[in-house]
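J.: Okay, here's the prediction I keep looking at, along with the sequence it came from:
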Amino acid sequence: MKNNLKFYIFVFVIISQYGVAQEYVLTKTKHVNIRTHPNTDSFIVGQSQKGDIYEMIGEEGEWFVIKLFSENVRYINKCCAAKLEDTISSRFSLPESNVQCESIYTSIQAIKYRARREATELIPPTVDEELNMNMQHILEDMHILALFEIYKLNPAVYPLLIEKAVKNNW
């Protein structure tokens, strides 16, 4: 009994320290549409480039459910992407320069402000608060996706960038 308890404590410590294994999706073709819902009639948030990697949070029929920058779920058709079976740490990394990382992070904060302003111009929160927030998240995802394409960053590095920003108090 005592040995079992030690084993469970050991497993708990390992899981809490390293987290649960995360699944990722790799886009296989150029210009993969990222959508708001799992159908081809839904709004296109942006397009992924061949080789981009996204955190997968599930599957829904013929669609991978992914998480983008706004933390909202988005969808990629399975015909254009594949689940990654291997470790992804070797497939992407942040720029080595702290100055460049801070610049990208600062740009993301400006994008979030811009998205909030644009969403309010399109749909004032006093008219429809939920629709305003949805529009804000779509605009955030769209603009940050474009920023990552400019810097040639893989979208999967976003959590690493946020972690680095918090650590460095940017």
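T.: Structure's in. What do you need?
J.: residue closest to the middle of this protein?
T.: Most central in the chain under Cα atoms, centre = their mean is residue 68, positioned 2.9 Å from the mean C-alpha point.
J.: isn't it right next to residue 148, touching?
T.: No: counting by Cβ atoms under 8 Å, residue 68 stays clear of residue 148, with 10.3 Å between them. Quick note: C-beta positions are derived from backbone N, CA and C, even for glycine.
J.: Identify the contacts common to those two.
T.: Common neighbours of residue 68 and residue 148, using Cβ atoms under 8 Å, 6 or more residues apart in numbering, are residue 155.
J.: What mean pLDDT does the longest strand belonging to the chain get?
T.: Longest strand in the chain by number of residues, with DSSP state E as the criterion: strand 53-60. Taken as a whole, strand 53-60 carries a mean pLDDT of 94.
J.: how far out from the middle of the chain is that strand?
T.: A distance of 10 Å separates the C-alpha centroid of strand 53-60 from that of its chain, computed with Cα atoms, centre = their mean, to the nearest Å.
J.: re earlier: got a pLDDT number for the residue nearest to the centre of the chain?
T.: 93.
J.: List the contacts of it.
T.: By Cβ under 8 Å, 6+ apart, the neighbours of residue 68 are 34, 45, 54, 74, 141, 144-145, 155.
J.: how many neighbours does residue 169 have?
T.: When neighbours are defined as other Cβ atoms under 10 Å, residue 169 has 5 of them.
J.: Kindly report the same for residue 143.
T.: Counted with other Cβ under 10 Å, residue 143 comes out at 20.
J.: ok, now which ones touch it?
T.: Counting by Cβ under 8 Å, 6+ apart, the residues that residue 143 touches are 111, 114-115.
J.: Format those as a markdown table; extra columns: distance to residue 127.
T.: Rendered in a markdown table, the data for these read as follows (distance: Cβ to Cβ, whole Å):
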| residue | distance to residue 127 |
| --- | --- |
| 111 | 23 |
| 114 | 20 |
| 115 | 17 |
